[in-house]
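Q: Only the shape, not the letters, is given here:
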């Protein structure tokens, strides 16, 4: 790569980070998201009991966390009614929500942008037809569609170890990717419509460049800011959706240390026995969701300022 | 106006057609045999499966099945459930929809006035203390999943209030579960509606108030506001007569969009509170693999969404003479 271009990009990235972190709310959100990301990556080494289903503890131990004395104790968040350490389970649960929401959002942004840019650039009947399909898809509420798809795919019988079974295990990730493709495509399409009338695109057309070159080398760089904003927005919606699906029993299966699932397993009558087994995962979800929102709001502002 | 309406109706039918196609084929093309599921999964004999196949008309070619299904749906014949002891799908869905509509109504009655007031205050005091407080509050509330706020209301508000001395003295409790009889009357149901409606209100509150705030700020910047103020019209009537009239116009659309939002939110809220509405019916239907019931429920929610959007477009156009209806 051209070294001066490379250093210019680094400078732009630095400027973006500086604008993002200057606003206290955005900086707080970004820091919290980084903290949870750290847990997701290295949680297995940090959790005192790396096996989330280790039941070798007394059941229903109250939290030993003492914030005043800065003391964690044996079971900081207590143990649940099966004698599992809630602290370890909360730490270990960060991984699945980041993996599913992050990869799901990433796939939807990549596929959706390619589709939307192509629709916008090419136009004509292709754009018209797909545009209508997207409108129809968006008329079905996202959560309803997700529930239907996950519910049906998960109930299918596949041979254990086959590729279909592999896919069915990652059904929430795939459903999130599929759900958000039309949303991203719509954003990418309208950005492409705006860019495609510019002179540099016309120049490339006159040079006789192939369509893929025009879309990815001429149009894509100009729409990246809009796509970055959309990606961060998709990530925050995906976190929300993964937590909700987990809570409704349509995400991870027991005994996974999934936050939404943990909340669901400990509500109702169980809440009287072990309130902490519900409160801490619910708190983790609340903090993560608010942090992701603050961060994506900050990213949107920073991108707008950059333009 | 006629041309505008015609275009909206064409869009409406086209979207309806495509979404019904998708709902039908998504549930039918996926591998797995609905007849086998109904017959009882792997244990079912081939004869049982074959009999159910012919009963459900699953032997016909797919396009014909689609036409039959859509015709039956539009004609009001939604089949019988497998999951709920052979009840009539339509009766079941209509009853649950009425319950959900009651919940939505209470939620809208709570949230629309409150969020308009908050949005107007925030907009008039842009970047001042009231605005900062309202924005921070709504931003953190809007990002919380419905089940977190719902469980907070159940475990902290309802149970906490129930244990407090004040509740005993007043003799007034919030029910911590909303699992009422599905065919209860509105007044019987009302005590169970408050908490779930409040959970839904929190979701809507942030959304509507932020858009109202943006509308007020935008209108305040216009020239006519300065002109009116310079003419000596009192501030109060500049705001009420001119700014708010224009700023609140988009709110019609916002309320329609928020109904679309509410449908997703209600699924979770009804599940958390055990309320017998359409959303909890949907979850039960999916869990019990009742395909026909699932299809009908999704079709009903799409119908509601498309009609509210159509209605909002028309209302917006009727209220706003500046819109060119071409």
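A: Sure, I can see it. Quick caveat, the model's predicted, so the values are computed rather than measured.

Q: use CA for all of it now, contacts and neighbours both
A: Noted.

Q: lowest-confidence helix or strand of chain B?
A: helix B:34-39 (a mean of 70; mean pLDDT, DSSP states H and E).

Q: gap between the following helix or strand past that helix and the chain center?
A: Where DSSP states H and E defines the elements, the next helix or strand beyond helix B:34-39 is helix B:46-56. Here helix B:46-56 is found 37 Å from its chain centre; the criterion is CA atoms, centre = their mean, to the nearest Å.

Q: Kindly report the same for stretch B:8-24.
A: 19 Å.

Q: Mind listing what's buried along it?
A: Within stretch B:8-24, the residues that count as buried by 16 or more other CA atoms under 10 Å in any protein chain shown are B:8, B:11, B:12, B:14, B:15, B:16, B:18, B:19, B:20, B:21, B:23, B:24.

Q: Stretch A:34-45 too?
A: Buried residues in stretch A:34-45 (16+ other CA under 10 Å): A:36, A:37, A:39, A:40, A:43, A:44.

Q: Residue A:71: neighbouring residues, count only.
A: Burial of residue A:71 is recorded as 11 neighbouring residues (other CA atoms under 10 Å in any protein chain shown).

Q: Pull up the gap between it and residue A:64, please.
A: Distance from residue A:71 to residue A:64, counting by CA to CA, to the nearest Å: 8 Å.

Q: Might you report the residue contacts of the nearest residue to residue B:206 once chain neighbours are set aside?
A: Distances taken as CA to CA, 6 or more residues apart in numbering or on different chains place residue B:138 nearest to residue B:206, at 4.5 Å, with adjacent residues excluded. Residues counted as contacts of residue B:138 (CA atoms under 8 Å, 6 or more residues apart in numbering or on different chains) are B:205, B:206, B:207, B:210.

Q: Closest one of those to residue B:275?
A: residue B:205 (21.4 Å; CA to CA).

Q: Secondary structure element holding the closest one?
A: Using DSSP H and E, residue B:205 falls in helix B:186-220.

Q: Buried ones in the next helix or strand after that helix, by neighbour count?
A: Once helix B:186-220 ends, the next helix or strand along the chain (criterion: DSSP H and E) is helix B:223-230. The neighbour-count check on helix B:223-230 (16+ other CA under 10 Å) flags B:225, B:228 as buried.

Q: and helix B:223-230, how far out from the chain's middle?
A: So, by CA atoms, centre = their mean, the centroid of helix B:223-230 is 40 Å from its chain's centroid.

Q: And the nearest residue to residue B:108 once chain neighbours are set aside, how far from residue B:141?
A: Excluding the flanking residues, the one nearest residue B:108 by CA to CA, 6+ apart is residue B:201, at 7.0 Å. When distance is defined by CA to CA, residue B:201 is 10 Å away from residue B:141.

Q: contacting residues for residue B:148?
A: Residue B:148 neighbours (CA under 8 Å, 6+ apart): A:282, A:286.

Q: wait, is it part of a helix?
A: Yes - remark: residue B:148 belongs to a helix, assigned using DSSP: H, G, I helix; E, B strand; the rest coil.

Q: thinking again about what came up before, show me which of the buried residues of stretch B:8-24 neighbour chain A.
A: Contacts with chain A within those, as defined by CA under 8 Å from any CA of the partner chain: B:14, B:15, B:16, B:18, B:19.
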